[in-house]
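> sequence below, structure please.
(one chain, ligands or ions: 1)
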Amino acid sequence: MKLSGWGRYLSAESQPLFFRDTASLAQQVRGCIPLIAFGNGRSYGDSALAANHLPMQQLKRMLAFEEATGLLTCEAGVLLADIVESFLPRGWFPMITPGTKLITVGGAIASDVHGKNHHIVGCFSECLDHFLLMSADGSIKRCSRRENPELFHATCGGMGLTGVIMQASFYLKPVRSSTIEQTTIKTANLHETFAAFEEYQGQPYSVAWIDCLARGDKLGRALLMVGDFAEDGNLEYRPGGTLNVPVDFPTLTLNSFSVKAFNAVYYARAGSGVSHRRVGIDGFFYPLDAIRNWNRIYGKRGFVQYQFILPKTAGYEGLKQILQKISASGMGSFLAVLKLYGPANKNYLSFPLEGYSLALDFKMQPGLVELLAELDQLVVEYRGRVFLAKDATTGRESFEKGYPNVERFRALRRSLGLNQVFNSLQSQRLGL
Ligand SMILES: Cc1cc2nc3c(=O)[nH]c(=O)nc-3n(C[C@H](O)[C@H](O)[C@H](O)COP(=O)(O)OP(=O)(O)OC[C@H]3O[C@@H](n4cnc5c(N)ncnc54)[C@H](O)[C@@H]3O)c2cc1C
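Residues are numbered from 1 along each chain as shown. Model prediction:
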């Protein structure tokens with residue numbers, strides 16, 4: 001079957017490997033190479049693509065929950081959406097969640113995903129107690145910060161290259177409402193955007209939508225959204241209805257004029273200064289999930305989401321330069337998201353470091369791959385890196401400069417024979 005990541009730019013002919021139980025999973029792992037686990041295909045590029053893939057949603061049982069501590073044990077193919085639906089009405093919510101709930105627990109660990117609260121709580125691995133990992137020979141290891149710590153730190157953020165995560169135990173957080181008290185701050189330029197992030201950094205959740213096509217003294221103008229769970233005791237939750245994009249949009253629909261117009265309207269819609277309102281958790285955390293197959297709006301050739309992070313010291317200057325380049329190229333998207341991050345963790349390939357990241361979509365078009373290579377150069381010059389869960393084009397050299405622990409990761413893979421079995425198009429491109 002033909003398989004692609006969420007960006008639909010890269011695809012591969014890939015054989016699905018089905019299994020009934022641990023023994024048949026071990027048999028598949030030992031017998032089919034190269035192979036990679038496939039969660040729900042929400043990584044944008046080629047990290048879950050290989051000649052053989054394991055559709056992990058075959059493992060989707062919730063196994064145990066400790067009411068006293070919030071510790072949930074479930075199989076790796078369970079979706080965050082199922083966890084929210086089952087546990088929010090009981091007063092629990094994922095401690096760390098990315099901008100879509102349509103991802104598996106295994107995918108959350110393999111990408112060590114971050115949410116709008118990274119500056120306060122860090123990546124998904126922070127709420128992990130332990131997980132079970134199937135190795136290249138079919139044996140199963142329990143991994144935590146105490147048991148097999150090397151494998152733990154390599155697997156969190158390791159993009160499926162250290163084995164198959166079978167089940168995980170992780171903490172949910174107690175909440176008292178299914179709504180969020182949201183404050184929106186409208187800024188006029190990048191200076192104001194940075195100042196607003198700093199001013200509101202005590203808020204548990206924050207994210208900014210940025211107009212990446214604005215130029216001159218409007219460069220970096222944004223809507224910063226911050227907030228926290230309300231305290232009203234209303235835990236009613238009905239997942240939002242979904243609209244669908246039924247077909248690929250014609251390639252011409254999205255061009256620099258339509259994107260510029262969209263950005264101007266979106267920015268103008270928010271009142272000036274600071275405004276407050278209460279919103280549902282789906283609208284706050286998962287706005288894009290409301291439109292099924294929204295990736296089709298970029299047309300048949302697909303798109304790339306480019307997400308990079310820069311350390312705080314380089315943040316303003318670096319971001320300004322990169323935004324200027326994107327703005328001048330006219331290729332930027334209407335979805336550009338700026339986030340504040342807390343300190344990096346010990347995981348070998350985890351993305352975050354203390355600073356700011358920008359994520360934006362680029363429709364696949366002539367000249368794009370070259371532009372992204374130029375952006376990669378700038379990112380590493382400013383001591384930043386790109387996010388592997390979004391990456392589809394980064395070259396080996398830029399990647400290595402951004403991830404100083406890559407040799408430890410490679411050495412571990414070699415020592416356990418993992419590099420003989422677990423490989424994706426991305427791992428081959430990056431020499432992992
Ligand atoms: C709209 C949208 C918003 C997003 N927002 C964010 C965000 O805010 N923050 C963020 O960090 N990410 C974000 N992402 C990226 C997304 O969280 C990650 O790509 C996530 O890993 C996808 O999970 P998945 O289950 O779909 O995995 P897939 O895309 O299928 O796989 C991703 C990686 O995980 C590996 N993997 C999956 N399951 C297993 C397993 N059981 N064992 C071993 N390896 C496994 C795969 O091999 C692959 O390398 C967003 C994605 C979308 C589409």
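
> hmm, the host helix or strand of residue 223 touching the ligand?
Under DSSP states H and E, the secondary-structure element containing residue 223 is strand 222-229. No - using C-beta under 6 Å from any ligand atom, we find that strand 222-229 stays clear of the ligand, coming within 13.2 Å at best. Any C-beta I mention is one placed from the backbone N, CA and C, and that applies to glycine too.

> so which elements touch that strand?
The contact analysis (3 or more C-beta pairs under 8 Å, 6 or more residues apart in numbering; DSSP states H and E) places strand 222-229 against strand 179-187, helix 190-199, strand 205-210.

> identify the residues contacting that strand?
With C-beta atoms under 8 Å, 6 or more residues apart in numbering as the test, strand 222-229 has contacts from 93, 175-177, 179-187, 193, 196-197, 200, 203-211, 266-267, 270, 279, 284, 338.

> if we use 6 Å, what do you get?
175, 177, 180-187, 193, 196, 200, 203-210, 270 (C-beta atoms under 6 Å, 6 or more residues apart in numbering).

> one step back: closest to residue 32 out of the helices and strands packed on strand 222-229?
strand 205-210 (40.0 Å; C-beta to C-beta).

> and the closest one, what does it pack onto?
strand 222-229, strand 336-341 (3 or more C-beta pairs under 6 Å, 6 or more residues apart in numbering; DSSP states H and E).

> quick one: average pLDDT of the shortest one?
For strand 336-341, the per-residue pLDDT values average out at 95.

> near the ligand, which residues of the protein?
6, 36-43, 47-48, 56, 76, 98-100, 103-104, 106-107, 110-111, 113-115, 159-160, 164-165, 288, 389, 424.

> selection in ChimeraX covering whichever of those are buried, please.
Per 16 or more other C-beta atoms under 10 Å, the buried members of the residues of the chain next to the ligand correspond to this ChimeraX selection:
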select :6,36,37,38,39,40,41,42,43,47,48,56,76,98,99,100,103,104,106,107,110,111,113,114,115,159,160,164,165,389,424
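
> show me the residues of the chain next to the ligand that map onto helices.
Secondary structure from DSSP state H places 106-107, 110 of these in helices.

> point out where the protein drops to low pLDDT.
For the chain, the stretches flagged by pLDDT under 70 are 241, 246-271, 334-335.

> who touches the longest helix along it?
Looking across the chain with DSSP H, the single longest helix is helix 312-329. With contact meaning C-beta under 6 Å, 6+ apart, helix 312-329 is reached by 190, 194, 212-213, 215, 219, 310, 332, 354-356, 371, 378, 382.

> quick one: these as CSV, columns for neighbour count too.
Formatted as CSV, the contacts of helix 312-329 follow (neighbours: other C-beta atoms under 10 Å):
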residue, neighbour count
190, 22
194, 22
212, 26
213, 25
215, 11
219, 20
310, 25
332, 27
354, 16
355, 23
356, 24
371, 19
378, 17
382, 20
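
> tell me the one among those residues nearest to the ligand.
residue 356 (14.0 Å; C-beta to the nearest ligand atom).

> and the residue lying closest to the closest one once chain neighbours are set aside, how far from residue 194?
Distance criterion C-beta to C-beta, 6 or more residues apart in numbering; nearest residue to residue 356, sequence neighbours excluded, is residue 315 at 4.6 Å. Here residue 315 is placed at a distance of 7 Å from residue 194 (C-beta to C-beta, to the nearest Å).

> what's the answer for residue 225, then?
Counting by C-beta to C-beta - residue 225 and residue 194 are separated by 16 Å.

> same question for residue 187.
9 Å.

> with residue 272 instead?
19 Å.

> next: residue 386.
Using C-beta to C-beta, residue 386 is found at 21 Å from residue 194.

> go on, residue 400?
29 Å.

> go on, residue 299?
Taking C-beta to C-beta, one finds residue 299 at 34 Å from residue 194.

> may I see the buried residues of stretch 331-341?
In stretch 331-341, counting by 16+ other C-beta under 10 Å, buried: 331-341.

> can you pull the contacts of the residue nearest the centre of the chain?
Nearest to the mean C-alpha position of the chain, by C-alpha atoms, centre = their mean, lies residue 113 at 5.3 Å. Residues counted as contacts of residue 113 (C-beta under 6 Å, 6+ apart) are 98, 124.

> can you tell me, leaving aside adjacent residues, what's nearest to residue 308?
Here the residue nearest residue 308, using C-beta to C-beta, 6+ apart, is residue 379, at 4.5 Å.

> which ones are touching the residue in the stretch 201-350 of the chain positioned nearest to the ligand?
The minimum distance from the stretch 201-350 of the chain to the ligand, using C-beta to the nearest ligand atom, falls at residue 288 (4.3 Å). Listed by C-beta under 6 Å, 6+ apart, the contact partners of residue 288 are residue 294.
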